[in-house]
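Undergrad: Okay, here's the prediction I keep looking at, along with the sequence it came from:
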Amino acid sequence: MDKVENIVIVGGGTAGWLTAGVIASRHQGRRPHGFSVTLVESPNVPTIGVGEGTWPTLRTTLRKMGVSETEFFRECDAAFKQGARFNRWTTGEADEGYYHPLMLPQGFARLNLVPHWLEDGEDSFCDAVTPQGRLCDRGLAPKTIATPEFESVANYAYHLDAGKFSDFLRRHCCEKLGVRHVLADVTEIETGPNGDVTRLKTEQGPSISGDLFVDCTGFRALLIGGAMQVPFRECSDVLFCDTALAVQVPYQDPADPVASHTISTAQSAGWIWDIGLPTRRGVGHVFSSAHIDADEAERELRAYIGPAADDLTVRRIPIRSGHRETFWKGNVVAVGLSAGFLEPLEASAIVLIELSAKMIAEQLPPNRAVMDVIARRYNDTTAYRWGRIIDFLKLHYSLTKRTDTDFWRDNTRPETIPDRLRGLMELWKYQAPWLHDEFDRAEEVFPAASYQYVLYGMGYRTALPRGAHDAERELAQRALRENRAHTARLMDGLPPHRDLLDKITEHAM
Ligand code: FAD
């Protein structure tokens with residue numbers, strides 16, 4: 001029986017090193033018995049070098065890999081992320097916006113607070129059900145220096161420097177997890193009679209054999225698109241943005257506050273991300289070139305940044321929305337940009353890498369004979385995840401009331417909205433999103449709570465039958481009161497974000 005013991009990962013960006021770390025840490029006990037994880041990476045092709053917003057899953061992923069969170073903060077220029085604020089998405093007015101925080105609404109597992117908030121909510125939905133929007137408004141951290149590593153007072157993810165993160169993961173994987181690192185350009189991919197990849201030839205000489213190959217070669221998709229010829233399925237008819245402009249903006253004063261949320265500000269034909277790291281901001285404009293030309297998009301980006309942008313060089317990155325028709329074919333599985341790309345509106349790429357790597361590691365086929373069973377399961381789950389992410393991103397666009405440009409008008413045309421999302425939006429006119437709304441898979445990327453934050457943040461109204469929720473009224477009022485008390489306690493007890501970052505860095509020295 002052909003055992004699966006030699007795992008070869010091609011590509012050393014965030015996808016490659018996270019996948020290597022997740023597989024190697026899970027199978028560490030097998031290493032002395034012939035099991036190996038090899039990562040081959042080109043010394044000539046740079047990594048994409050963007051991708052700074054993450055999801056709280058990364059805490060668990062890093063912890064399981066045996067990483068020190070303090071070292072991670074220090075070496076990756078990392079900061080806390082408590083969610084995202086979406087400005088100017090609903091009406092386009094300068095002062096409108098809402099939060100999609102990372103904390104669930106108070107009592108979410110047992111109670112849907114939407115009906116009660118709809119009846120008598122004075123605050124925004126977010127403020128009524130969670131403290132996190134107010135913590136972000138005040139620039140507070142989600143924990144204190146006394147909170148243990150990876151644990152939270154308020155749920156959090158990270159903002160990080162993508163280049164430093166790959167370097168950090170490489171060192172950890174090679175020094176602590178026994179991953180073999182080969183610096184070489186793959187030039188040829190050999191396949192056997194059944195179509196499986198058997199060996200990679202490299203420009204620098206060594207050839208690399210393996211039992212399972214993970215394609216992490218980024219947009220090049222060398223194995224999945226090249227050797228395995230799996231077609232790419234575009235979704236530019238749903239998500240129109242096809243270009244990104246990225247720039248790194250220094251702080252005027254090194255002690256300037258650091259936002260603990262991603263700021264996403266809608267523009268005339270796209271949106272601008274703004275991510276605060278301890279030493280700089282990462283800012284970028286994602287736009288649809290069919291609706292605005294690149295020079296105009298750059299002017300919008302520079303106007304957003306202000307005079308600080310004058311001497312900065314803007315990098316242009318073409319992007320193509322969509323994903324592979326299938327993700328695991330034969331003995332090749334694609335993870336990261338080789339599997340697909342969707343605009344980074346909700347930082348969904350790195351979380352998908354983590355979930356993919358976890359599934360590969362947990363269900364690693366023991367031999368070739370059962371690999372196709374695992375591959376089918378993997379393809380089914382992964383296709384479901386891509387579909388739900390596309391729906392969730394499109395939700396932000398389909399709820400807009402903006403009609404100021406063709407971009408916003410085109411985005412609300414019904415034929416651009418996926419059927420499943422259109423059906424749910426029809427249903428949500430009469431009932432609020434909740435656990436039974438088909439968000440039923442284990443490790444759903446965006447749970448019903450995320451839909452609630454976006455829908456009610458963007459002014460969606462659900463017309464509920466009168467009296468239908470009376471039975472839960474007392475429980476709900478208690479939960480809303482608890483949230484007010486919890487908010488007051490956290491506002492008093494949590495430090496400014498910048499102060500905590502300084503302390504963590506000092507602590508690590
Ligand atoms: P890459 O970083 O491109 O790495 C590819 C690797 O393959 C490199 O090491 C390269 O050397 C290697 N390679 C290529 N050819 C060969 C060869 N012939 N031989 C050997 N090696 C080879 N994601 C988020 O989660 N949050 C965000 O906020 C976010 N923002 C983004 C903003 C933009 C503008 C873009 C474009 C993406 C963003 N992403 C974000 C996505 C995120 O950047 C990627 O998912 C992540 O970095 C993973 O990239 P990767 O490792 O698949 O590819």
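TA: Received, thanks.
Undergrad: and the stretch 1-150 of the chain, which of its residues are near the ligand?
TA: Residues of the stretch 1-150 of the chain found near the ligand (Cβ under 6 Å from any ligand atom) are 10-16, 40-42, 45, 47-48, 50-54. From N, CA and C alone the C-beta is placed, and that goes for glycine too.
Undergrad: My error: substitute the stretch 201-350 of the chain in the last question.
TA: Within the stretch 201-350 of the chain, the positions adjacent to the ligand are 216-218, 220, 222, 244, 246, 284, 317, 319, 336-338, 344, 347, 349-350 by Cβ under 6 Å from any ligand atom.
Undergrad: sorry, back to before: in strands, which of the residues of the stretch 1-150 of the chain next to the ligand fall?
TA: Filtering these for membership in strands, criterion DSSP state E, returns Val10, Val40, Glu41.
Undergrad: pretty sure the last one is touching Asp185, no?
TA: No. Applying Cβ atoms under 8 Å as the test, Glu41 and Asp185 come out as separate, 9.2 Å apart.
Undergrad: Which one of the two is surrounded by more residues?
TA: Under the criterion of other Cβ atoms under 10 Å, the comparison of Glu41 against Asp185 puts Glu41 first, with 24 against 15.
Undergrad: Show me what counts as buried in stretch 128-142.
TA: By 16 or more other Cβ atoms under 10 Å, the buried positions in stretch 128-142 come out as 128-136, 139-142.
Undergrad: for those, which one is nearest the ligand?
TA: The ligand lies nearest to Cys136 out of the buried residues of stretch 128-142, by Cβ to the nearest ligand atom, at 16.9 Å.
Undergrad: how about the closest one, phi and psi?
TA: Here is the backbone geometry of Cys136 (degrees, to the nearest 10): phi -70, psi -40.
Undergrad: Roughly how far does it sit from Glu52?
TA: Counting by Cβ to Cβ, to the nearest Å, the gap from Cys136 to Glu52 is 17 Å.
Undergrad: what's the answer for Tyr456, then?
TA: Applying Cβ to Cβ to Tyr456 and Glu52 gives a distance of 28 Å.
Undergrad: Same question for Gly459.
TA: To Glu52, Gly459 is 29 Å away according to Cβ to Cβ.
Undergrad: of the ones in strands among the residues of the stretch 1-150 of the chain next to the ligand, closest to the ligand?
TA: So of these, ranked by how close each gets to the ligand (Cβ to the nearest ligand atom), first place is Glu41, at 4.5 Å.
Undergrad: Contacts only, for the closest one.
TA: Contacts for Glu41 (Cβ atoms under 8 Å, 6 or more residues apart in numbering) come out as Val10, Gly11, Gly12, Gly16, His181, Val182, Leu183, Ala184.
Undergrad: repeat for Glu175
TA: Glu175 touches nothing, counting by Cβ under 8 Å, 6+ apart.
Undergrad: does it sit in a helix, a strand or a coil?
TA: helix (DSSP: H, G, I helix; E, B strand; the rest coil).
Undergrad: In which helix or strand does Leu395 reside?
TA: Assigned by DSSP states H and E, Leu395 falls within helix 371-398.
Undergrad: picking that back up, for PyMOL, write the selection for the buried entries among the contacts of Glu41.
TA: Here is the PyMOL command that picks out the buried ones among the contacts of Glu41, judged by 16+ other Cβ under 10 Å:
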select buried, resi 10+11+12+16+181+182+184
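Undergrad: got any ranges where the chain has weak pLDDT?
TA: 1, 437-442, 507-509 (pLDDT under 70).
Undergrad: Where do the domain boundaries of it fall?
TA: Listed by automatic domain parsing, the domain ranges of the chain are 6-52+161-235+321-387, 242-318.
Undergrad: where's Ser268, which helix or strand?
TA: Going by DSSP H and E, Ser268 is not part of any helix or strand.
Undergrad: Next up, the contacts around it.
TA: His291, Ile292, Glu300, Asp404, Thr405, Phe407.
Undergrad: Quick one: those residues as TSV, columns for secondary structure and neighbour count too.
TA: What follows is these, written out as TSV (DSSP: H, G, I helix; E, B strand; the rest coil; neighbours: other Cβ atoms under 10 Å):
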residue	secondary structure	neighbour count
His291	coil	21
Ile292	coil	22
Glu300	helix	18
Asp404	coil	11
Thr405	coil	15
Phe407	helix	22
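Undergrad: With neighbour numbers in mind, choose between Tyr456 and Glu52.
TA: A count of neighbours by other Cβ under 10 Å puts Glu52 above the other of Tyr456 and Glu52, at 29 against 23.
Undergrad: Is that one in contact with Lys164, as I believe?
TA: No. Using Cβ under 8 Å, Glu52 makes no contact with Lys164, being 10.3 Å away.
Undergrad: what sits in contact with each of these two?
TA: Joint contacts of Glu52 and Lys164 (Cβ under 8 Å, 6+ apart) do not exist.
Undergrad: Provide a list of residues in contact with the residue in the stretch 251-400 of the chain that the ligand sits nearest to.
TA: Closest approach between the stretch 251-400 of the chain and the ligand, counting by Cβ to the nearest ligand atom: Gly336, at 2.5 Å. Contacts for Gly336 (Cβ under 8 Å, 6+ apart) come out as Gly11, Gly13, Thr14, Ala15, Gly16, Thr19, Cys216, Gly218, Ala349, Ile353.
Undergrad: give me the number of residues near the second one?
TA: When neighbours are defined as other Cβ under 10 Å, Gly13 has 26 of them.
Undergrad: how much space between it and Arg31?
TA: Counting by Cβ to Cβ - Gly13 and Arg31 are separated by 24 Å.
Undergrad: cool, and Lys164?
TA: 27 Å.
Undergrad: do the same with Ala269
TA: Taking Cβ to Cβ, one finds Ala269 at 51 Å from Arg31.
Undergrad: Looking at the two now, which is surrounded by more residues?
TA: Ala269 (25 against 14).
Undergrad: Show the contacting residues for that one.
TA: Counting by Cβ under 8 Å, 6+ apart, Ala269 makes contact with Phe287, Ser288, His291, Ile292, Ala297, Thr405, Asp406, Phe407.
Undergrad: among those, which two are most distant?
TA: Within the contacts of Ala269, two members stand farthest from each other by Cβ to Cβ: Ala297 and Asp406, at 14.5 Å.
Undergrad: Can you show me the strands along the stretch 51-200 of the chain?
TA: Counting by DSSP state E, counting those that start in this stretch, the stretch 51-200 of the chain has strands at residues 79-81, 83-87, 97-101, 157-159, 180-183, 186-191, 197-202.
Undergrad: Minimum distance to Gly306: which of those has it?
TA: Of all those, strand 83-87 comes closest under Cβ to Cβ, at 15.5 Å.
Undergrad: what residues does the closest one touch?
TA: Residues from elsewhere that reach strand 83-87 (Cβ under 8 Å, 6+ apart): 53, 96-103, 132-133, 136, 261-266, 346-347, 396, 454, 457-458.
Undergrad: which one is the residue of the stretch 251-400 of the chain closest to the ligand nearest to, not counting chain neighbours?
TA: Ranked by Cβ to Cβ, 6 or more residues apart in numbering and with sequence neighbours excluded, the top spatial neighbour of Gly336 is Ala15, at 2.5 Å.
Undergrad: Hmm, the one you found is touching Val335, no?
TA: Yes. Ala15 lies in contact with Val335 (Cβ under 8 Å); the separation is 5.0 Å.
Undergrad: So which of these two has more stuff around it?
TA: Ala15 (32 against 29).
Undergrad: contacting residues around that one?
TA: With contact set as Cβ under 8 Å, 6+ apart, Ala15 has these partners: Cys216, Gly218, Val335, Gly336, Leu337, Ser338, Ile353.
Undergrad: how many neighbours does the residue in the stretch 401-509 of the chain positioned nearest to the ligand have?
TA: Residue nearest to the ligand within the stretch 401-509 of the chain: Val445 (10.9 Å; Cβ to the nearest ligand atom). As a burial measure, Val445 scores 20 neighbours (other Cβ under 10 Å).
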